[in-house]
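Enquirer: quick one, what's the 3D model for this:
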Amino acid sequence: MKRKLRYGMVGGGQNAFIGAVHRHAANLDGQVELVAGAFSSDPKNSAATGEQLFLNPKRVYGSYEEMAKAEAKLPEGERIDFVAIVTPNFLHAPVATTFLKAGFHVVCDKPMTLTLKEAQALRETVRKSGKVFALTHNYTGYPMVKEARELVRNGKLGKILKIVAEYPQGWLLDKIEADGQKQASWRLDPKRAGASSCVGDIGTHAENLGRYISGLHIDSVCAEFTSFVPGRKLEDDANMLIRYQGGAKGVLHCSQISCGEENNLNIRIYGTQGSLAWQQEHPNELKFCPKGEPARIIRRGNGYVTDVAKKFTRLPFGHPEAFIEAFANVYLEAIAAIRAKMAGKKDSFDHPTADDGVEGMAFIETCVKSAKSGGKWTKFPKI
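Expert: Numbers count the residues shown, from 1 in each chain. Sure thing, here's the model as predicted:
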């Protein structure tokens, strides 16, 4: 197919954060064109956003239902090829389901849904539709994260013994939701965020990162949730002990009240033959410590990295790549998958899927269940 893919967006209107990130990332490689959107539950906001993005007013809609119905009626050469969903959590499942059933591919922000039951139902809809479903666990897009996974796959760490993942932030140390701060308000509202705030919002990234690099799946969890700021219905801090299938152990903590922290996602993986460490705020470096040898710093863009890391690198060494580029790598693989699907080809692509979404929701619900039980070890459900 010798054309750009056409896409629409649900959510991401004026004053939203993640919608603009998705648009920048999707556009980075010149593979797509935004042609339609239902950018807000407020039709005026949606219309204003469409005008700001220079879209045809006829393809800026007041609701996602209207958008899916209208786009499906357009000729094949005009309608969108896929939709990007960047709404609060509670809308992910209904929006994705609507567009999948209307015949469109889907790129959806995480977590996948509001509940595990919803996630399992959505996965079944994806399977029946035959469409591509990509979940934007964007931290898997960093070249050095992919290099870390290759080290594990190639046996450089030996048998994995322990995974330590952390995701501390400090932006919710004050009760800013009381002043109407939009991003805080919905993340701390059980009706819009689900049963968890901190784990659902950022803890899932840490869990997904550990699973992506190591290939290990969780057996059971012991969790403690705390709402340090009075009056919050959902947690703003969480600590988890993890037992992985196969015997490895894990420690995961996530926090939104850690004073001085910005977005310090980091991970350390320890094996019988070596260890690795990666930090999101310094993403172009990966520390690798082979057993009995000096520590090595692997830097993005150099000729010695694996072909996988090279594939997802855009700039020469010494020219930093970061958040938008990593996000764009998820889109790059999703777009390649959509092109292959449209051409009737079968291939595998390196983007998070509905299976990852279900596993992420199972992690949230297991942690919530453990925390409510007073920190009892809780088995991961069969998914």
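
Enquirer: switch to C-alpha atoms for all contacts and neighbour counts from now on
Expert: Noted.

Enquirer: give the rounded mean pLDDT of stretch 125-132.
Expert: Averaging pLDDT along stretch 125-132 yields 97.

Enquirer: format the CA atom coordinates belonging to that stretch as PDB.
Expert: The C-alpha trace of stretch 125-132 is given here as PDB (Å, rounded to 0.1, in the frame of the first residue of the first chain):
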ATOM      1  CA  THR A 125     -13.900  -9.100  20.500                       C
ATOM      2  CA  VAL A 126     -10.400  -8.400  19.100                       C
ATOM      3  CA  ARG A 127     -10.000 -12.100  18.200                       C
ATOM      4  CA  LYS A 128     -13.400 -12.300  16.500                       C
ATOM      5  CA  SER A 129     -12.800  -9.100  14.600                       C
ATOM      6  CA  GLY A 130      -9.500 -10.100  13.100                       C
ATOM      7  CA  LYS A 131      -8.300  -6.600  13.500                       C
ATOM      8  CA  VAL A 132      -5.000  -5.300  15.000                       C
END
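
Enquirer: give me the buried positions along it.
Expert: Judged by neighbour count (16 or more other C-alpha atoms under 10 Å), stretch 125-132 contains these buried residues: Thr125, Val126, Ser129, Lys131, Val132.

Enquirer: does the first one touch Phe99 like I think?
Expert: By that I understand Thr125. No: Thr125 is not in contact with Phe99 according to C-alpha atoms under 8 Å; the separation is 10.5 Å.

Enquirer: I'd say Ala336 and Phe349 touch.
Expert: Yes: Ala336 lies in contact with Phe349 (C-alpha under 8 Å); the separation is 7.5 Å.

Enquirer: tell me which stretches of this protein form helices.
Expert: 18-27, 43-52, 64-73, 92-101, 116-129, 143-153, 182-187, 190-193, 198, 204-214, 307-311, 323-342, 354-372 (DSSP state H).

Enquirer: name the stretch among those that sits most buried.
Expert: The highest average neighbour count among the helices of the chain, using mean count of other C-alpha atoms under 10 Å, belongs to helix 198 at a mean of 30.

Enquirer: quick one: residues in contact with that helix.
Expert: The contact list for helix 198, computed with C-alpha atoms under 8 Å, 6 or more residues apart in numbering, reads Leu234, Glu235, Asp236, Asp237, Ala238, Cys254, Ser255, Gln256.

Enquirer: same thing but at 7 Å, please
Expert: Around helix 198, the neighbours that count as contacts under C-alpha atoms under 7 Å, 6 or more residues apart in numbering are Glu235, Asp236, Asp237, Ala238, Cys254, Ser255, Gln256.

Enquirer: redo these as CSV? Include distance to Ser63, pLDDT and neighbour count.
Expert: Below are the contacts of helix 198 laid out as CSV (distance: C-alpha to C-alpha, whole Å; pLDDT from 0 to 100; neighbours: other C-alpha atoms under 10 Å):
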residue, distance to Ser63, pLDDT, neighbour count
Glu235, 31, 98, 22
Asp236, 32, 98, 25
Asp237, 35, 98, 24
Ala238, 35, 98, 24
Cys254, 34, 98, 28
Ser255, 34, 98, 27
Gln256, 32, 98, 26
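
Enquirer: perfect, that will be all.
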